[in-house]
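**Student:** Build the 3D model from these lines:
(one chain, ligands or ions: 1)
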Amino acid sequence: MLDNKGFDLWADGYDKSVGLSDEENTYPFAGYKDILNKIYKSVLEAKAKDVLDIGFGTATLTSRLYDQGIRIYGQDFSEEMMKIAKEKMPNADLYAGDFVRGLASALLDHKYDAIIATYSLHHLGDEEKVSFIKSLVSILNEGGKIYIGDVAFWSRKDLEACRQEAKAYWDEDEFYFVYDELKKEFSNLSFDQVSFCAGILTIGK
Ligand SMILES: C[S@@+](CC[C@H](N)C(=O)[O-])C[C@H]1O[C@@H](n2cnc3c(N)ncnc32)[C@H](O)[C@@H]1O
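**Tutor:** Numbering: from 1, shown residues only. Now for the predicted structure:
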């Protein structure tokens with residue numbers, strides 16, 4: 001599993017390598033651009049004013065929302081990703097920190113209209129994910145939504161089929177989302193399967 005230093009090393013080449021995997025329609029980033037575009041549109045349509053991005057990376061998604069005048073808050077543990085994101089969003093409230101240890105206290109003082117996490121929360125185990133997402137619901141405004149765009153499947157059977165297909169490329173250190181398992185914990189969860197290996201999980205409040 002990549003730690004913050006691993007993401008630092010990936011930062012400069014990140015957009016290119018992700019774009020290539022998306023264009024070639026290969027695991028894990030097949031559908032990446034569509035996922036980010038769909039979340040972008042949903043957040044704009046919902047007229048969100050305050051948006052929190054967890055693991056914002058190079059800010060591919062949030063910088064577009066920032067350019068629309070939306071107030072952006074975020075947390076990431078990679079200094080290099082942070083540098084790139086700050087250049088694109090100089091007035092955003094960005095905090096360094098490992099979300100495994102929770103969110104920065106300044107971020108917990110606010111409530112958000114939308115909380116976004118794209119390709120970041122698969123670093124949490126299945127149980128950790130549930131408790132972390134529950135903690136996010138508590139900082140969401142009434143009527144707000146959490147959007148998780150990531151490698152995700154309707155069922156464990158679908159995930160296993162993708163693992164077989166990806167073979168040696170499959171990352172055994174990452175824990176991907178399974179809709180029908182998460183649905184037991186979040187009654188208002190919906191899922192949009194965008195590519196063969198990825199989709200958007202949405203939780204409303
Ligand atoms: C694959 S990148 C995704 C970046 C961006 N959200 C996107 O969709 O392009 C994952 C990001 O999450 C951050 N990240 C991963 N694990 C993290 C953790 N435990 N705490 C904070 N940030 C983390 C990484 O530094 C990186 O910027």
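**Student:** Please spell out which residues along the top strand by length along the chain are buried.
**Tutor:** As assigned by DSSP state E, the longest strand anywhere in the chain is strand 140-153. Buried residues in strand 140-153, counted by 16 or more other Cβ atoms under 10 Å: 140-141, 144-153. The way it works is simple: take the backbone N, C-alpha and C, and place the C-beta from them, glycine included.
**Student:** ok, residue 193 touching residue 178?
**Tutor:** No. Judged on Cβ atoms under 8 Å, residue 193 makes no contact with residue 178 at a distance of 11.8 Å.
**Student:** ok so, going back, now flag whichever of the buried residues of strand 140-153 is closest to the ligand.
**Tutor:** The shortest approach to the ligand among the buried residues of strand 140-153 belongs to residue 149, at 6.8 Å (Cβ to the nearest ligand atom).
**Student:** counting contacts, what elements does the helix or strand of the chain with the lowest mean pLDDT pack onto?
**Tutor:** Among the helices and strands of the chain, helix 4-23 carries the lowest confidence by mean pLDDT, DSSP states H and E, at a mean of 90. Other helices and strands packing on helix 4-23, by 3 or more Cβ pairs under 8 Å, 6 or more residues apart in numbering; DSSP states H and E, are helix 32-45, helix 79-88.
**Student:** Now do the longest one: distance to the chain's middle.
**Tutor:** For helix 32-45, the separation from the chain centroid amounts to 12 Å (computed by Cα atoms, centre = their mean, to the nearest Å).
**Student:** angle of that helix against strand 140-153?
**Tutor:** 160 degrees (axes from the mean of the first three to the mean of the last three Cα atoms, to 10 degrees).
**Student:** Give the buried residues for helix 32-45.
**Tutor:** By neighbour count on 16+ other Cβ under 10 Å, the buried set for helix 32-45 is 32-36, 38-40, 42-43.
**Student:** can I get the residues you listed in JSON lines with distance to residue 187?
**Tutor:** Shown next, in JSON lines, are the buried residues of helix 32-45 (distance: Cβ to Cβ, whole Å):
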{"residue": "32", "distance to residue 187": "29"}
{"residue": "33", "distance to residue 187": "30"}
{"residue": "34", "distance to residue 187": "27"}
{"residue": "35", "distance to residue 187": "23"}
{"residue": "36", "distance to residue 187": "27"}
{"residue": "38", "distance to residue 187": "22"}
{"residue": "39", "distance to residue 187": "21"}
{"residue": "40", "distance to residue 187": "26"}
{"residue": "42", "distance to residue 187": "20"}
{"residue": "43", "distance to residue 187": "22"}
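**Student:** Name the nearest residue to residue 93, ignoring sequence neighbours.
**Tutor:** Once flanking residues are discounted, residue 93 sits nearest to residue 73: 4.5 Å by Cβ to Cβ, 6 or more residues apart in numbering.
**Student:** Would you mind giving the secondary structure of that neighbour?
**Tutor:** Here residue 73 is recorded as strand under DSSP: H, G, I helix; E, B strand; the rest coil.
**Student:** related to what we said a few turns ago, other SSEs contacting the longest strand of the chain?
**Tutor:** Judged by 3+ Cβ pairs under 8 Å, 6+ apart, the packing partners of strand 140-153 are helix 32-45, strand 112-118, helix 126-137, strand 177-178, strand 189-193, strand 198-204.
**Student:** Nothing else from me, thank you.
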